[in-house]
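> I'd like to go over a predicted model; first the sequence, then the structure.
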2 protein chains.
Amino acid sequence: MKLADTHVAIIGIGLMGGSLARALQGKVNSLTGVDSDRYALDHARGLGIFDRLCPDPADGLEPCDLAILATPVRAILDLLDRINQDLPTPRYLMDLGSTKETITARMQSLPDQVDPVGGHPLCGMETAGIQASDPEIFQGSVFVLTPLERTSDGCLRLAEELVTSVGATPMIMSADEHDRLAAITSHLPYLLTAALTGTAMKLERNDQRLADMVASGFIDTTRIAASDVEMISDVLLSNSSNIVQALRHFSENVQSLAGLVEKGSPDALHEHLRPIQRWRRELPKYGSKEA
Amino acid sequence: MKLADTHVAIIGIGLMGGSLARALQGKVNSLTGVDSDRYALDHARGLGIFDRLCPDPADGLEPCDLAILATPVRAILDLLDRINQDLPTPRYLMDLGSTKETITARMQSLPDQVDPVGGHPLCGMETAGIQASDPEIFQGSVFVLTPLERTSDGCLRLAEELVTSVGATPMIMSADEHDRLAAITSHLPYLLTAALTGTAMKLERNDQRLADMVASGFIDTTRIAASDVEMISDVLLSNSSNIVQALRHFSENVQSLAGLVEKGSPDALHEHLRPIQRWRRELPKYGSKEA
């Protein structure tokens, strides 16, 4: 099936679903938006990009060739359960959840006529809601696809065409590998910056000038601590064992670095920090605000 | 003494010294630039903003009403020792070092005819060198001044006039308070992001796709891990006890957060994260790339 012929239903038209809808406009046969939130539906109506908008997945999923679940992780799991029970079954199904193991495990028990694939566009932001949506956020970013054993070639090809059409690069990996790597590149950074922000918040009670001392370094380092709490909590709780493992690796690293700072040898500290600086400077800048 | 009448010598014309020189252009009587690096001197000559450029502080400090030490922390300490010994003594002296206790302690033993004050513009960047200098980096940022007991009113007034003239807001505090707060707002964030980057770097050896999974969140969180290694090492080593103390507070916070993730209760996690998110969202955005 070609993307241009596909009737697409997006369940959850917040930041990610809304941005994807806007990026897909004119590239699919029809676009249906589903959201239980009246405000999101009204805003989506104002954008004029959906052929159909409705509050209930039972209406939105019929007729539909490709259903895209773009809600937070827990709601994705609930939707998968409901498709197993009473919701109409789409031919193809993709989700945009930030963790993949729990979701693809749940996809295993979908009815046979559904052809599912996991997806995760790596372009999260600390904003939320369709009012913050932006069709450009996928441009130049990586879009992970985690096929199941039951995923057909046709389903994967359609997903890849969709990813490419919004300007992203598809990256195919197992759900297991995705979650292990995302624990390091995304979930641990959130955990650390939330703890750092929490530390500063507590210490500010003793000295209010702390907030005035905050400069651009702290602001950029802790940007993701402003993320939507419900969304990120779902992510953390659905990947806790990988995160705890990543935190263990991190703790070893921070202790050896702190040891060097206490020891007081500039040469040893330089030697430790130089490869880290070099590696960081060579990272790609996908979706970053960096120049 | 008015800023407009002042003969200013800036020792160390890298990112910070070069930016300050450019921001002071036309606002002082004369500008002398001193740097042992031939490349920096050549680049500074090309900018055409200095009345005089020389490689040796012995030449640059005579005649001079205000000497501004804008080198890394260790070199500032060396310069203070040399002013104690054989260098010409400026009437007023300010430094731009990122830690203040060690430096102001060393300033105590300067000859009586020198009137010193500590300074720290909170607008660091991960770039370095005069080629990255920018007269605008002080605009809207906080510029801490740490007067000593021996600092005269005239010296502090001149320093405040200088700070205001480059578009920054002066914030007067003790060197002790500065270093305690900077450990939280600046040095701990660096330590954590360097350790996080180091963790990712090590784990990438087992799975090279890790670097491809890096998205904007990781990039922004670890931006300061790209900082100049020599410069930041001086900073860490001259504030190690405050940093170790800050790391202790942080470790408690990260452990209680990790405990909530392991425990698996969404409500408890939301309750923990919500005030942190709110506090972060209300922070000022000095010098940040945030909208």
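Everything's here; your move. Bear in mind the structure is a predicted one, so any value in this text is a computation, not a measurement.

> by contact count, what packs against the longest helix anywhere in chain A?
In chain A, with assignment by DSSP state H, the single longest helix is helix A:240-263. Judged by 3 or more Cβ pairs under 8 Å, 6 or more residues apart in numbering or on different chains; DSSP states H and E, the packing partners of helix A:240-263 are helix A:175-182, helix A:188-204, helix A:266-281, helix B:188-204, helix B:240-263. Glycine gets a C-beta too; all of them are placed from N, C-alpha and C.

> May I see the ones you listed arranged in TSV, with distance to residue A:4, mean neighbour count and mean pLDDT as well?
Below are the helices and strands packed on helix A:240-263 laid out as TSV (distance: least, Cβ to Cβ, whole Å; neighbours: other Cβ atoms under 10 Å in any protein chain shown; pLDDT from 0 to 100):
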stretch	distance to residue A:4	mean neighbour count	mean pLDDT
helix A:175-182	29	22	97
helix A:188-204	37	24	95
helix A:266-281	41	17	96
helix B:188-204	38	24	95
helix B:240-263	43	18	95
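
> can you put the ones you listed in JSON lines and add distance to residue A:160?
Putting those into JSON lines (distance: least, Cβ to Cβ, whole Å) gives the following:
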{"stretch": "helix A:175-182", "distance to residue A:160": "16"}
{"stretch": "helix A:188-204", "distance to residue A:160": "28"}
{"stretch": "helix A:266-281", "distance to residue A:160": "30"}
{"stretch": "helix B:188-204", "distance to residue A:160": "25"}
{"stretch": "helix B:240-263", "distance to residue A:160": "33"}
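
> Compare these and give me the one nearest residue B:280.
helix A:188-204 (4.9 Å; Cβ to Cβ).

> That closest one near chain B at all?
Yes. For helix A:188-204 and chain B, the contact criterion (Cβ under 8 Å from any Cβ of the partner chain) is met by A:188-204.

> all helices for chain A, in order.
A:15-24, A:38-47, A:57-60, A:73-85, A:101-107, A:153-165, A:175-182, A:188-204, A:209-213, A:216-221, A:229-237, A:240-263, A:266-281.

> got the CA positions of the last one in PDB?
Only the C-alpha atoms of helix A:266-281 are listed here, as PDB (Å, rounded to 0.1, in the frame of the first residue of the first chain):
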ATOM      1  CA  PRO A 266      45.200  19.000  36.800                       C
ATOM      2  CA  ASP A 267      46.900  16.500  34.400                       C
ATOM      3  CA  ALA A 268      44.900  13.500  35.500                       C
ATOM      4  CA  LEU A 269      41.700  15.600  35.200                       C
ATOM      5  CA  HIS A 270      42.600  16.900  31.700                       C
ATOM      6  CA  GLU A 271      43.400  13.300  30.600                       C
ATOM      7  CA  HIS A 272      40.000  12.100  31.800                       C
ATOM      8  CA  LEU A 273      38.000  15.000  30.400                       C
ATOM      9  CA  ARG A 274      39.600  15.400  26.900                       C
ATOM     10  CA  PRO A 275      38.200  12.300  25.200                       C
ATOM     11  CA  ILE A 276      34.700  13.200  26.700                       C
ATOM     12  CA  GLN A 277      35.000  16.700  25.300                       C
ATOM     13  CA  ARG A 278      36.100  15.400  21.900                       C
ATOM     14  CA  TRP A 279      33.300  12.700  21.700                       C
ATOM     15  CA  ARG A 280      30.700  15.300  22.600                       C
ATOM     16  CA  ARG A 281      31.900  17.800  20.100                       C
END
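
> Neighbours of residue A:149, how many?
Residues near residue A:149, counting by other Cβ atoms under 10 Å in any protein chain shown, number 6.

> Stretch A:9-18: end-to-end distance?
12 Å (Cα to Cα, to the nearest Å).

> can you give me how far that stretch is from the chain middle?
Chain-centre distance of stretch A:9-18: 12 Å, with Cα atoms, centre = their mean, to the nearest Å.

> What of stretch A:229-237?
11 Å.

> List of residues touching the longest helix of chain A?
Helix A:240-263 is contacted by residues A:179-180, A:182-184, A:187-188, A:191-192, A:236, A:268-269, A:272, B:191-192, B:194-196, B:198-199, B:202-203, B:236-237, B:240, B:243-244, B:247, B:251, B:254, B:258, B:261-262, B:264 when judged by Cβ atoms under 8 Å, 6 or more residues apart in numbering or on different chains.

> And for stretch A:77-89?
Residues from elsewhere that reach stretch A:77-89 (Cβ under 8 Å, 6+ apart): A:11, A:57-58, A:61-62, A:64, A:69, A:71, A:90, A:93, A:102-103, A:106-107, A:109-111, A:113-114.

> at 6 Å what do you get?
A:57, A:58, A:61, A:62, A:69, A:106, A:111, A:113, A:114 (Cβ atoms under 6 Å, 6 or more residues apart in numbering or on different chains).

> Strands along the stretch 1-150 of chain A, start to end?
For the stretch 1-150 of chain A, the strands defined by DSSP state E, counting those that start in this stretch cover A:7-11, A:30-34, A:52-54, A:66-69, A:92-95, A:115-121, A:142-147.

> So for chain B, which of these sits nearest?
The minimum distance between chain B and the strands of the stretch 1-150 of chain A falls on strand A:142-147, with 5.9 Å, by Cβ to the nearest Cβ.

> I'd like to know which elements the closest one is packed against.
Here strand A:142-147 touches strand A:115-121, helix A:153-165, strand A:169-172, helix A:175-182, going by 3 or more Cβ pairs under 6 Å, 6 or more residues apart in numbering or on different chains; DSSP states H and E.

> May I see the ones you listed organised as CSV, with distance to residue B:231 added?
Formatted as CSV, these follow (distance: least, Cβ to Cβ, whole Å):
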stretch, distance to residue B:231
strand A:115-121, 37
helix A:153-165, 41
strand A:169-172, 36
helix A:175-182, 32
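
> re earlier: which one of the helices and strands packed on helix A:240-263 lies closest to residue B:126?
helix A:266-281 (8.5 Å).

> The closest one to helix B:188-204, inter-axis angle?
Compare the direction of helix A:266-281 with that of helix B:188-204 by axes from the mean of the first three to the mean of the last three Cα atoms, to 10 degrees and you get 70 degrees.

> contacting residues around helix A:266-281?
Residues contacting helix A:266-281 (Cβ under 6 Å, 6+ apart): A:260, B:194, B:197, B:198, B:201, B:222, B:225, B:226, B:229, B:233.

> Just want the angle from it to helix A:240-263.
Going by the same axes, to 10 degrees, helix A:266-281 makes 140 degrees with helix A:240-263.

> next one: helix A:266-281 to chain centre, how far?
31 Å.
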